[in-house]
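Participant: Quick one, what's the 3D model for this:
(chains A and B)
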Amino acid sequence: MKLTLKIWRQAGPDAKGAMVDYPIDGISEDMSFLEMLDVLNDQLIREGQEPVAFDHDCREGICGMCSLYINGRPHGPGRHITTCQLHMRRFKDGETIYVEPWRAKAFPIVKDLVVDRSAFDRIQAAGGFISVNTGGNLVDANSIPVPKAAADKAFDAATCIGCGACVAACPNSSAMLFVSAKVSQYALLPQGRAEARTRALNMVEQMDAEGFGTCTNIGACHIECPKDISLENIARLNREYLAAEICREDEGTEKDSTY
Amino acid sequence: MAQKGLFRSSLMRQYWMAGTGLFLIMFLVVHATINAMIFRNDGGVVFNKWAVFMGTNFFIRAMEIVLFIGFIIHIADGIMLKRHNVAARPVKYAYSKPNANSKWYSRSMAILGILILLFLIVHLNDFWIKTRHIVGNIDSYGVDAQGRENLFARMQDVFSNPVVVVVYVLGCFALFWHLLHGFRSAFQHLGLNNIRYNRLISACGVVFSIVVPTLFAAMPVGMFLGWVK
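Facilitator: Below is the predicted model:
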């Protein structure tokens, strides 16, 4: 295959970036998108040019490291895949392909196509721990009953790999799908129920502090999510947060009052 | 971002958006129902009776103030959210295919809202400021068959101008798309999402978005074409 790549090049976080054209030839349809970029970088290095920086790790579609806004969509065309699982057979010979980094204030560019997604880590850290014993006094897992439906939904939410495609797809750069998945995976289970409300409050506070946009229920996040995280999770976060705000239990106990 | 106050977080702002949105939807039901009385083709007798009640009843006049507050919160909150969300993506994509993953009207709530606001200014100027005796009045239209202030005649006069009719119909289209996203979205914002009821909420939203703007659009069109007498 012969292709024209239009790739965002930016030398560093504060450098001015621009789209640069790279013609490339001899690409096999069976290559993944990242392998195609490997071929390009090999070519650039041989020519004495700076290779294109991009994130990748497992290349098995499970780590969430690869990103890239390809031809106007996060992880390129198709649903339920990461960029490493996107193959060149999806493109036509002679096609022009736009490759851009995730665009969000909360995801600053490190270099070229690499963005800093540590905002997600800080949101998760703000969620805190769950109160289960992990020391020597372990009890049998089945001693805490969990309804099958709740377990399934929690598991579905927990499949979020934190890739950031939801933020990249959202016209508002909102992280609500990610945050709601992280809130849901605990809120649905009895082990995570104890801190469910404070977790929702704290994670939303951190989400706002990171500079993500707000959810306006456009739904692009779900369509572009490689793990098919449901919008139902966002409604669950909305419920948890509303309940937490209306029925705040962390502002003390009423005392010395009579009726 | 302030951590105090009724708009302290992104989610609090969304609840206000949804809450005021549903409140305004209820207003639309009242407004459309009363105005639909013109379709009785009785020379506006029943319509004028209701119109006079709405303009003079103490409780309704008090609710009118609440309604304005509802509009102001909905608009101000919308501006806050839009500004925040535009700032959340300082550098835009060079090439984007938004239609691959979402509906254009879902992404265009702000612009549709602005169009509705522009329409509202025209609309209030045509009727409300006159019937409430703020600027001018409609005394020149005389009284109807039962001796009441003749808002019906004022409507017939306003809607005799084809330009006005087109503006009103365009306003109804903006309302249609705004509701098509807004109705269902309000439920999601308030956490009211359940697989048993989602299709029902969706269906109600689509039906409401079609019925109400169609009813409203039929008023200027019907009067202009002489169907409503």
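
Participant: Sort out which residues of the worst-scoring helix or strand of chain A on mean pLDDT are buried, please.
Facilitator: For chain A, counting by mean pLDDT, DSSP states H and E, helix A:190-193 ranks last in confidence among helices and strands (a mean of 91). Neighbour counts using 16 or more other CB atoms under 10 Å in any protein chain shown place residue A:192 of helix A:190-193 among the buried residues. The C-beta positions use only the backbone N, C-alpha and C, and glycine is treated the same way.

Participant: hang on, isn't residue B:113 packed against residue B:179?
Facilitator: No. Counting by CB atoms under 8 Å, residue B:113 stays clear of residue B:179, with 11.2 Å between them.

Participant: Compare neighbour counts for the two and give me the winner.
Facilitator: Neighbour count, other CB atoms under 10 Å in any protein chain shown: between residue B:113 and residue B:179, residue B:179 has more, with 27 against 19.

Participant: element containing the more buried one, please.
Facilitator: Assigned by DSSP states H and E, residue B:179 belongs to helix B:162-189.

Participant: Could you tell me how far that helix lies from the centre of the chain?
Facilitator: When C-alpha coordinates are averaged (CA atoms, centre = their mean, to the nearest Å), helix B:162-189 and its chain have centres 7 Å apart.

Participant: for stretch B:16-27, same thing?
Facilitator: 10 Å.

Participant: What residues sit buried inside the helix or strand bottoming out on mean pLDDT in chain B?
Facilitator: Taking mean pLDDT, DSSP H and E as the measure, chain B has helix B:129-131 as its least confident helix or strand, at a mean of 91. Neighbour-count burial for helix B:129-131 flags B:130-131 (criterion: 16+ other CB under 10 Å).

Participant: following that helix, which helix or strand shows up next?
Facilitator: For helix B:129-131, the succeeding helix or strand toward the C-terminus, using DSSP H and E, is helix B:151-158.

Participant: elements contacting that following helix?
Facilitator: If you count contacts as 3 or more CB pairs under 8 Å, 6 or more residues apart in numbering or on different chains; DSSP states H and E, helix B:151-158 packs onto helix B:45-56, helix B:129-131, helix B:198-224.

Participant: Out of these, which is closest to residue B:81?
Facilitator: Minimum separation from residue B:81 across the helices and strands packed on helix B:151-158 (CB to CB) falls at helix B:198-224, 20.2 Å.

Participant: buried sites along the closest one?
Facilitator: Buried residues in helix B:198-224, counted by 16+ other CB under 10 Å: B:198, B:201, B:205, B:208-209, B:212-213, B:215-224.

Participant: which stretch in the helices and strands packed on helix B:151-158 has the least confidence?
Facilitator: Across the helices and strands packed on helix B:151-158, helix B:129-131 has the smallest mean pLDDT, namely a mean of 91.

Participant: Show me what that helix is packed against.
Facilitator: Partner elements for helix B:129-131 (3+ CB pairs under 8 Å, 6+ apart): helix B:151-158.

Participant: quick check, distance from the helix it packs on to the centre of its chain.
Facilitator: That offset, for helix B:151-158, works out to 20 Å (CA atoms, centre = their mean).
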